[in-house]
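Undergrad: coords please:
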Amino acid sequence: MTENSEGPNCPQQFIDLAESMAEASAKVIRRYFRQAVAVDDKADQSPVTIADRETEATLRQLLAERVPDHGVIGEEQAPTNPDSDYVWVLDPIDGTKRFITGNPLFGTLIALLYKGQPILGVIDMPMLNERWIGARGRQTTFTDHNGTAEVHCRACPGLDKAALASTSPEMFEGGNENAFERVRGAAKLVQYGGDCYSYGLLSSGFTDVVIEAGLGTYDYMALAAVIGGAGGIITDWDGKTLSVDSDGRVVAAGDPACHAEALKRIAGT
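TA: Residues are numbered from 1 along each chain as shown. Next up is the predicted model:
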């Protein structure tokens, strides 16, 4: 494994494995999309379906066959070997509410951590046939019907020029709501409803800031490698690097100046 100033690069074999996992998960999800599937409520009242569970089981099976010594953290099953040097973090369907209502803007998130730091991330949009892959040591790539190409975040010097995205204003409660309003109120354009897709669009230079709260580890770890490899920044609301122990409040930006302004507004300074 080669090293750079930030740590070890991601081995190609793991990038290839992640792509195989994305292909396998898409096959499962497409079988169930816009079909009559039962929807159960988890303890936190978030919805879950057989598609979520079967997709994660499929991904875990691939990992057990190919890298049995690696750990796994997923949304639908208990962690396996979470103290391993290499740990995969899986969100089989990011945006289950969209999935169950027939909306194709949901994705599968796959991340690989090495000693707690993300070195690989995949945002796969199975119904759109679009995929972002970020890996430490290389530029983030985007694949669609036109092929595969490197992508870059765009420059945006301030929030007054920024397109801002967030999944829903309802994810902000208490003091989080006030902080979000300070950022939202300064932005030029605000859009809701993207889930993980917004972070992919930020990496491709079509969105400038994404701010969210209440996320799980499996919601944000893949995003870190994708956005970082496109030249962007993603941290918690205190400006700290995301980790498995982060509190689920995330702010991402393509331009350092825009990110810094968002952090100041979050803090109320």
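Undergrad: Who's the closest spatial neighbour of Val28, skipping the chain neighbours?
TA: Closest residue to Val28 apart from its sequence neighbours, by C-beta to C-beta, 6 or more residues apart in numbering: Thr55 at 4.7 Å. Glycine gets a C-beta too; all of them are placed from N, C-alpha and C.
Undergrad: what helix or strand does the one you found sit in?
TA: helix 50-66 (DSSP states H and E).
Undergrad: Which residues does the next helix or strand after that helix contact?
TA: Downstream of helix 50-66, the next assigned helix or strand under DSSP H and E is strand 71-74. Residues outside strand 71-74 that contact it (C-beta atoms under 8 Å, 6 or more residues apart in numbering): 56, 59-60, 63, 79-84, 86-92, 217-218, 244.
Undergrad: All the strands of the stretch 51-200 of the chain, in order from the start?
TA: 71-74, 86-94, 107-114, 117-125, 130-135, 141-144, 147-150, 163-166, 189-192 (DSSP state E, counting those that start in this stretch).
Undergrad: Using CSV, lay out those together with mean pLDDT.
TA: CSV is the format used below for these (pLDDT from 0 to 100):
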stretch, mean pLDDT
strand 71-74, 96
strand 86-94, 96
strand 107-114, 98
strand 117-125, 97
strand 130-135, 98
strand 141-144, 98
strand 147-150, 98
strand 163-166, 98
strand 189-192, 96
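Undergrad: okay, the ones you listed in JSON lines with distance to Ala36 and mean neighbour count next?
TA: Listed next are the strands of the stretch 51-200 of the chain as JSON lines, based on distance: least, C-beta to C-beta, whole Å; neighbours: other C-beta atoms under 10 Å:
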{"stretch": "strand 71-74", "distance to Ala36": "25", "mean neighbour count": "21"}
{"stretch": "strand 86-94", "distance to Ala36": "17", "mean neighbour count": "27"}
{"stretch": "strand 107-114", "distance to Ala36": "22", "mean neighbour count": "27"}
{"stretch": "strand 117-125", "distance to Ala36": "23", "mean neighbour count": "27"}
{"stretch": "strand 130-135", "distance to Ala36": "26", "mean neighbour count": "25"}
{"stretch": "strand 141-144", "distance to Ala36": "30", "mean neighbour count": "17"}
{"stretch": "strand 147-150", "distance to Ala36": "35", "mean neighbour count": "10"}
{"stretch": "strand 163-166", "distance to Ala36": "31", "mean neighbour count": "23"}
{"stretch": "strand 189-192", "distance to Ala36": "28", "mean neighbour count": "13"}
